[in-house]
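Engineer: Below: sequence and its predicted model.
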Amino acid sequence: MEAVAVREAGPGDLPAIDAIEAASFDRDRFPRRNLARMLKGGRTRFFLADEGAGYLALSLRRGGRTGRIYSLAVHPDARGRGAASALIAAARKLALCEGLRALRLEVRESNPAARRLYEREGFCLRERRPAYYEDGEAALQLEALLEPLEPARTRETPIS
């Protein structure tokens with residue numbers, strides 16, 4: 001499988017992100033205006049995979065120790081090619097750079113494909129949230145603990 005390129009997204013990527021959202025979800029979809037606000041707000045960082053393969057929105061709270069994957073969507077035509085894993089890897093890297101200890105997310109209880117993906121990516125069940133979604137379905141809150149980055153070598157660090 002070829003490596004999936006991921007980059008941080010900005011307000012100019014709204015059309016691509018909105019198109020992925022529309023193709024990926026028939027319910028619980030972010031309105032375009034909410035995506036636009038989040039892309040400009042600065043508290044939520046977006047990643048875009050291969051110009052339209054998928055996107056991830058990672059919410060960061062000032063002073064928080066946990067990042068929240070607010071949304072992860074892969075276009076149906078791009079599924080099974082590693083975009084979701086590449087997006088999660090980018091979110092992990094940013095979270096570690098920000099000094100976070102964990103990533104959390106919610107997933108529909110009835111979404112076995114997403115649940116398998118998150119399990120492969122090291123997420124574990126934190127809690128079940130009954131009637132979380134508008135239609136009354138429960139969500140599973142999942143969490144992945146992050147490994148701290150190795151301390152950077154400095155000139156004072158002896159090399160043996």
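Structural biologist: Yep, that arrived. Every value quoted in this text rests on a predicted model; they were computed, and no experiment measured them.
Engineer: use CA for all of it now, contacts and neighbours both
Structural biologist: Noted.
Engineer: What segments of the protein are strands?
Structural biologist: Secondary structure of the chain by DSSP state E: the strands cover 6-9, 44-49, 54-59, 66-74, 102-108, 124-129, 139-145.
Engineer: number of nearby residues for the closest residue to residue 86 other than its chain neighbours?
Structural biologist: Counting by CA to CA, 6 or more residues apart in numbering, residue 86 lies nearest to residue 4, which is 6.3 Å off, once chain neighbours are set aside. Counted by other CA atoms under 10 Å, the residues lying close to residue 4 total 15.
Engineer: List the contacts of residue 4.
Structural biologist: If you count contacts by CA atoms under 8 Å, 6 or more residues apart in numbering, residue 4 has them with 49-50, 81-83, 86.
Engineer: re the thing from before, please work out which of the strands of the chain is packed deepest.
Structural biologist: Of the strands of the chain, the one with the most neighbours on average (mean count of other CA atoms under 10 Å) is strand 54-59, at a mean of 27.
Engineer: got the CA coordinates for that strand in CSV?
Structural biologist: The C-alpha trace of strand 54-59 is given here as CSV (Å, rounded to 0.1, in the frame of the first residue of the first chain):
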residue,chain,number,x,y,z
GLY,A,54,-10.2,12.2,4.1
TYR,A,55,-9.9,14.6,7.0
LEU,A,56,-9.6,14.7,10.7
ALA,A,57,-10.5,17.5,13.2
LEU,A,58,-8.6,17.5,16.4
SER,A,59,-9.9,19.8,19.2
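Engineer: Let me know the pLDDT of the residue nearest to residue 24 when sequence neighbours are not counted.
Structural biologist: Spatial nearest neighbour of residue 24, chain neighbours left out: residue 75 (5.7 Å); criterion: CA to CA, 6+ apart. The model reports residue 75 with a pLDDT of 96.
Engineer: thinking residue 65 is in contact with residue 102, fair?
Structural biologist: Yes. Counting by CA atoms under 8 Å, residue 65 touches residue 102, with 6.9 Å between them.
Engineer: pretty sure residue 143 contacts residue 101?
Structural biologist: No. Applying CA under 8 Å, one finds residue 143 not in contact with residue 101, separated by 10.2 Å.
Engineer: which ones are touching residue 87?
Structural biologist: Applying CA under 8 Å, 6+ apart, the residues contacting residue 87 are 6, 47-49, 54-56.
Engineer: quick one, the longest helix seen in the chain and strand 102-108 angle?
Structural biologist: Among the segments of the chain that qualify as a helix by DSSP state H, the longest is helix 83-97. Taking axes from the mean of the first three to the mean of the last three CA atoms, to 10 degrees, one finds helix 83-97 and strand 102-108 inclined to each other by 150 degrees.
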